[in-house]
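Participant: What shape does this take:
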Amino acid sequence: QVQLVESGGGLVQAGGSLRLSCATSGRTFSNYVMGWFRQAPGKEREFVAAINRSGGTTDYEDSVKGRFTISRDNAKNTVYLQMNNLKPEDTALYYCAADLSRRRTTLTRITSNYDYWGQGTQVTVSS
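Facilitator: Residues are numbered from 1 along each chain as shown. The predicted model follows:
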């Protein structure tokens, strides 16, 4: 069993920044691929970013490239999402997720490939 707890969400003006954190417990964090997803009201959950076990490889959805940065600290069992130059369209509930597969050799954007999810943290960007 893996527990994921997100924090760091809030209300920010367009152009501002937030840093989301996702603390994990339950198994060896360095064995997980980690991802961030978001879900806006009335929309499906969508991929935002992912990072491999060592932190050396990342993947981003096109609309956040150059603005968001995913990182991880395996000593602290935590993954982060630094969000800069936020836009109103970034408003959503943000979730972190853990992919425990040892067979997958590439980062995945597919929600069903992630085994554990947090409860989410709300990010609201005002115009």
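Participant: ends of stretch 27-40, how far apart?
Facilitator: Start to finish, the residues bounding stretch 27-40 are 30 Å apart (Cα to Cα, to the nearest Å).
Participant: Next, the buried residues of that stretch.
Facilitator: Buried residues in stretch 27-40, counted by 16 or more other Cβ atoms under 10 Å: 29, 32-38. C-betas here are computed from N, CA, C, even on glycine.
Participant: Next, format those as a markdown table and append distance to Val48.
Facilitator: As requested, the buried residues of stretch 27-40 are exported to a markdown table (distance: Cβ to Cβ, whole Å):
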| residue | distance to Val48 |
| --- | --- |
| Phe29 | 19 |
| Tyr32 | 16 |
| Val33 | 14 |
| Met34 | 11 |
| Gly35 | 8 |
| Trp36 | 4 |
| Phe37 | 6 |
| Arg38 | 5 |
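Participant: will you turn those into JSON lines that also has secondary structure?
Facilitator: Shown next, in JSON lines, are the buried residues of stretch 27-40 (DSSP: H, G, I helix; E, B strand; the rest coil):
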{"residue": "Phe29", "secondary structure": "helix"}
{"residue": "Tyr32", "secondary structure": "coil"}
{"residue": "Val33", "secondary structure": "strand"}
{"residue": "Met34", "secondary structure": "strand"}
{"residue": "Gly35", "secondary structure": "strand"}
{"residue": "Trp36", "secondary structure": "strand"}
{"residue": "Phe37", "secondary structure": "strand"}
{"residue": "Arg38", "secondary structure": "strand"}
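Participant: between the residues you listed, which is closest to Tyr95?
Facilitator: When the buried residues of stretch 27-40 are compared for distance to Tyr95 (Cβ to Cβ), Phe37 comes out closest, at 4.8 Å.
Participant: ok, back up a step: of all the buried residues of stretch 27-40, which comes closest to Ala75?
Facilitator: Nearest to Ala75 among the buried residues of stretch 27-40, counting by Cβ to Cβ, is Phe29 at 9.0 Å.
Participant: what's that closest one in contact with, if anything?
Facilitator: With contact taken as Cβ atoms under 8 Å, 6 or more residues apart in numbering, Phe29 is in contact with 72, 74, 77-78.
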